[in-house]
Structures are given as structure tokens and as C-alpha cells.
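In: return a 3D structure for these sequence lines:
(chains A, B and C)
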Amino acid sequence: MKKHSSNSLMDVDVRKGPWTMEEDLILINYIANHGEGVWNSLARSAGLKRTGKSCRLRWLNYLRPDVRRGNITPEEQLLIMELHAKWGNRWSKIAKHLPGRTDNEIKNYWRTRIQKHIKQAENFSGQKSSAHTDQATTSSTQTCNAINPMDTYSPPYNVNFPNFSGQFPAETNENMWNMEDLWSMQLLNND
DNA sequence: AACCCGCCCAACCGCCTGTGG
DNA sequence: TCCACAGGCGGTTGGGCGGGT
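Out: Okay, here's the model as predicted:
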């Protein structure tokens, strides 16, 4: 059954898609004053036309003050690989061992970076086993960088976060702003 | 300069689990 | 014990962006 699943905001028009600055501020403010928890009623009380799930996700993955954004360090990558080997796709479990990192971020990182490397490595070893030409084409393929990502790790590609300027994403459009700004704004509002 | 393509990431979706009545 | 609901989690997707042609 699960009548209206997790969003019993059913008759209210529920907003979806990217969060606006106003919504972020409302959420930050509300949580600063009332704390987290009971996300559905939080969304209602705060006046956000969002589902509780959406608010929770936004808070945990982006707005929380202790969220670290940007460059995954080589140490972190090794840890991720280690833990993934141990637990598989238990992203939230893995995230608990990487302070400030979210399961979503780790999941994305794994899929876009590490998995790619592993695939390339598999292809390469496949080729190797079928062709079996020793050291063939070591010069031209990038894939040979990652025969075994575990022990050949070197920061794959200048980990390319165009918006990353140290701690927080720099402003790129009206929906992207510096989190420091946001927090200072909410502090002002709090007074 | 314009177009195409692949990468990256924020956010959504659906399922499962926990909990309280 | 059952049911309804909220929270948590993993998988997936859509859109923006940058690089290549």
C-alpha cells in the first residue's frame, strides 16, 4: 500500500529539481533554530514545498556545515577502495569512515573515477591475456596507468573540480554560491 | 564559431528497515 | 501482530560544463 509514501505533502504542490538560494537559507535557518529531525514536518513547518526526503538529502549532502567538498585525497581514495573491497557498495557505511564526506559523494566518486579505472584495467588485462604481447603499446595508452589501481595510484587527473576553490564551490550561476556566504547570511538572520 | 560528446554531480526514485500506535 | 509512516540507502538520471573536432 504505502498510500502516499514518504511525502504526505500530497496536495501541496511539491517542488522538485535544483534548490534555490532562498530554499537553502530557509532550511539552514530552520535547522539552526529547531534542529534536525522529522523531515516531513520540518519541511512543512519551514514552509518549504519540498518533501522531507528532499530536505534531508539537501542538508546531509550539501548544506551541513561539516560537509567537505572537492578533492578526494589519495589517502581517502585508498581508504575508499579498501573499504569497498571489504563491504561492497555500502556507501553510507564507507562514508562514516571518511569524516565530512557523504555517501552520495563517495558513490559518485567511485562510479565516475575508480570504476572507470578498474574497467580500463580489466579491458587491458583482457587484451593482454588474449594478445599477450609483452609490454605492448605501453607508450600510447593511458589505460596502462591503472593496471592495478590499488598500487599504481597517482592522482588520476588533477581531480578536476572546476568550481572548487579551496573549500567551497565558487559561484558559477545563480544557483551556485559560496557556502561561506550562505552561512554568514544565516548567521545574520539568526540575530 | 558552432557543434558534439563525455564527464561529473546534484537530486530523484524506489525499495527496505525501523518504530510507534 | 499488524499497519502506517518516516528515515535510510543504493541505483539511476538529467542537465551543466568543458574539451575536442
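In: show me the domain layout of chain A.
Out: A:1-68+A:168-191, A:74-146 (automatic domain parsing).
In: tell me if stretch A:89-100 is near DNA strand B.
Out: No. With CB under 7 Å from any atom of the strand as the criterion, DNA strand B is not reached by stretch A:89-100; the gap is at least 10.2 Å. Just so you know, the C-beta spots here come from the backbone N, C-alpha and C atoms, and that holds for glycine as well.
In: identify the residues contacting that stretch?
Out: A:66-68, A:76, A:79-80, A:83-84, A:87, A:101-107, A:110 (CB atoms under 8 Å, 6 or more residues apart in numbering).
In: and the end-to-end length of it?
Out: Taking CA to CA, to the nearest Å as the measure, stretch A:89-100 stretches 19 Å from start to finish.
In: wondering if it reaches DNA strand C at all.
Out: Yes. Shown here: stretch A:89-100 in contact with DNA strand C (CB under 7 Å from any atom of the strand) through A:89-93.
In: which among these gets closest to DNA strand B?
Out: DNA strand B lies nearest to A:Trp91 out of those, by CB to the nearest atom of the strand, at 10.2 Å.
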